[in-house]
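**Student:** Quick one: sequence and predicted model below, then my questions.
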Amino acid sequence: MNAGAILLAGGRATRMGGIDKPRVEVRGRALLQWAVDAVSGCEPIVIAGPESSVSGAAPVWVREDPPFAGPAAAIVAALDLMDAEWTYVLACDLPFAGDAVAVLAASIDLFPADTDGVCLADASGRPQWLTGLYRTAALRGAASLLPDRGRDASVRALLDDLAIAVVAAPAAARDIDTWEDVRQIEEDE
């Protein structure tokens, strides 16, 4: 599959005291590194967030304008650099990013050819739009309809008119929102 990746690493992490959440270590590795490793075969890998070091891949760094304008704006900024047929969109708070990418890649062929993408659902069944694999052309078309390059728009607004399949994969879609989440995942290991 011809796929690139957009990794979202520029949030405020307010529920964690405003720390740099992608740099939080879970199971011995930074959350950002889990995401980079999960998409290591993708080209390009675009990280939307403040630049820092990661091992392995040589990502391209972008930032939404202005910073903290939200994940939809970050996706729009990163799409300017995307030329692959498919685009993984992953928040950098997924300790099981490798599992998420594997489920997404295996799922895409299960749906009709006119499906614009697939995302995972969490344990409650709620779609996790920031754990998805989308047709780049469909994302770009949707992004072009957002005012102000997606500034302060929801990701749901970005994806609203796309045909997206949702796959239940609560373990792979598990994310880190609080310090308690970190503790639980470390204990589950």
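**Tutor:** Perfect, thanks for sending it.
**Student:** In three-state terms, label the residue nearest the centre of the chain for me.
**Tutor:** Nearest to the geometric centre of the chain sits residue 90, at 1.4 Å (Cα atoms, centre = their mean). The three-state label given to residue 90 by DSSP: H, G, I helix; E, B strand; the rest coil is strand.
**Student:** Please enumerate the helices of the protein.
**Tutor:** Ranges of helices within the chain are 31-38, 71-79, 97-107, 136-144, 155-159, 179-188, based on DSSP state H.
**Student:** ok, now which ones touch the residue lying closest to residue 66 once chain neighbours are set aside?
**Tutor:** Nearest residue to residue 66, sequence neighbours excluded (Cβ to Cβ, 6 or more residues apart in numbering): residue 151, at 7.6 Å. C-beta here means a position set from N, CA and C on the backbone, and glycine is covered the same way. Counting by Cβ atoms under 8 Å, 6 or more residues apart in numbering, residue 151 touches 64, 65, 66, 69, 70, 73.
**Student:** And the nearest residue to the first one once chain neighbours are set aside, how far from residue 51?
**Tutor:** Read that as residue 64. The shortest distance from residue 64 to any non-neighbouring residue, by Cβ to Cβ, 6+ apart, is to residue 73 (3.8 Å). Per Cβ to Cβ, to the nearest Å, residue 73 is found 17 Å from residue 51.
**Student:** that older thread, can you report how many residues neighbour the residue nearest to residue 64?
**Tutor:** 27 (other Cβ atoms under 10 Å).
**Student:** Same question for the one 3 residues further on.
**Tutor:** Taking other Cβ under 10 Å as the neighbour definition, residue 76 ends up with a count of 28.
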